[in-house]
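In: take this sequence and fold it.
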Amino acid sequence: MDKSNTDKIDIHLTVEIKPEFLSLFFRLLANGFNIKAEIGSSLKEFFLDRLGLVETYLEDRVQTIFLNGKAVDNIETALITEDSTIALSAAMPGLVGATFRRGGRYAPMREKISYDTEVNDHRHQEGLVFLKLFNMIAKEMGPEILKRGILVKGEDLADLFKNREILSGCVSVTYDNQIQNPDNFDDTFLQEKRVLLKILS
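Out: Numbers count the residues shown, from 1 in each chain. Next up is the predicted model:
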């Protein structure tokens with residue numbers, strides 16, 4: 001998805017769904033989605049100010065963070081660029097989990113794939129980052145993030161709606177102020193579109 005234009009949204013889609021079906025949308029969180037961020041800010045600022053997380057949650061729950069494919073130990077010095085990809089995970093099992101855990105004893109084992117501090121020469125401006133949420137992080141953060149809205153490719157969303165179980169859990173589907181009956185939902189209009197998706201449960 002093109003991140004260069006933060007204002008270009010083709011479709012505003014709001015889905016009200018029964019709470020027990022909400023987790024079916026978590027696949028979108030793991031695959032990744034665009035969300036607005038302040039370019040040039042630190043990861044910590046992004047987590048606290050943009051995602052609304054609290055420091056205790058970051059310290060206790062978010063054990064593994066990747067920025068552009070590299071493991072991050074210090075979220076205060078890791079900076080967001082215009083094309084940043086950020087991935088968050090709770091503690092992963094085994095040696096792999098221990099190795100990638102922030103500030104863990106095995107962190108030196110991944111020196112070549114760890115994030116190095118950059119000089120902050122990025123202008124502070126609004127842009128987009130690509131965010132991925134895994135395991136318990138998706139379960140705990142997902143409902144609020146989906147409620148606020150995420151930017152996704154229409155074809156990814158259309159592929160998700162091929163699971164008819166999702167439509168059976170929909171209370172209502174509204175796009176661009178038009179209400180559509182979930183039983184007759186036609187996802188072809190989503191193809192090659194940029195969709196701001198909001199999920200209410």
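
In: and Gln178, how many neighbours does it have?
Out: A count of nearby residues for Gln178, using other Cβ atoms under 10 Å, gives 7. Every residue, glycine included, has its C-beta placed from N, CA and C.

In: quick one, strands of this protein?
Out: All strands of the chain, identified by DSSP state E, fall at 11-17, 33-39, 64-67, 70-71, 85-89, 125-133, 150-153, 170-175, 178-180, 194-200.

In: for the chain, what's the longest helix?
Out: helix 135-148 (DSSP state H).

In: run through who's touching that helix.
Out: Counting contacts by Cβ atoms under 8 Å, 6 or more residues apart in numbering, the residues outside helix 135-148 that touch it are 22-23, 25-26, 29-30, 35, 51-53, 61-62, 88-90, 92, 133, 197-201.

In: and if we set it to 6 Å?
Out: Here helix 135-148 makes contact (Cβ atoms under 6 Å, 6 or more residues apart in numbering) with Phe26, Leu29, Leu88, Ser89, Ala90, Leu133, Ile199.

In: now do stretch 8-21
Out: Counting contacts by Cβ under 6 Å, 6+ apart, the residues outside stretch 8-21 that touch it are 169-176, 193-201.

In: which of those count as buried?
Out: Gly169, Cys170, Val173, Tyr175, Lys193, Arg194, Val195, Leu196, Leu197, Lys198, Ile199, Ser201 (16 or more other Cβ atoms under 10 Å).

In: return the item of the residues you listed having minimum pLDDT.
Out: Among the buried ones among the contacts of stretch 8-21, Tyr175 carries the weakest pLDDT, at 88.

In: in the sheet, who's paired with the closest residue to that residue other than its chain neighbours?
Out: Leaving aside its chain neighbours, Tyr175 sits nearest to Leu13 (4.5 Å; criterion: Cβ to Cβ, 6 or more residues apart in numbering). Beta bridges link Leu13 to Tyr175, Leu197 when assigned by DSSP bridges.

In: cool, Ile17 as well?
Out: Here Ile17 sits in beta bridges with Cys170, as judged by DSSP bridges.

In: measure how the longest helix of the chain sits relative to strand 85-89, angle-wise.
Out: On the basis of axes from the mean of the first three to the mean of the last three Cα atoms, to 10 degrees, helix 135-148 is oriented at 120 degrees to strand 85-89.

In: turn the strands of the chain into CSV, columns for distance to Thr77.
Out: Formatted as CSV, these follow (distance: least, Cβ to Cβ, whole Å):
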stretch, distance to Thr77
strand 11-17, 36
strand 33-39, 16
strand 64-67, 11
strand 70-71, 13
strand 85-89, 15
strand 125-133, 17
strand 150-153, 27
strand 170-175, 41
strand 178-180, 46
strand 194-200, 32
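
In: looking at the chain, which helix or strand does the model trust least?
Out: Counting by mean pLDDT, DSSP states H and E, the weakest-scoring helix or strand in the chain turns out to be helix 94-100, with a mean of 46.
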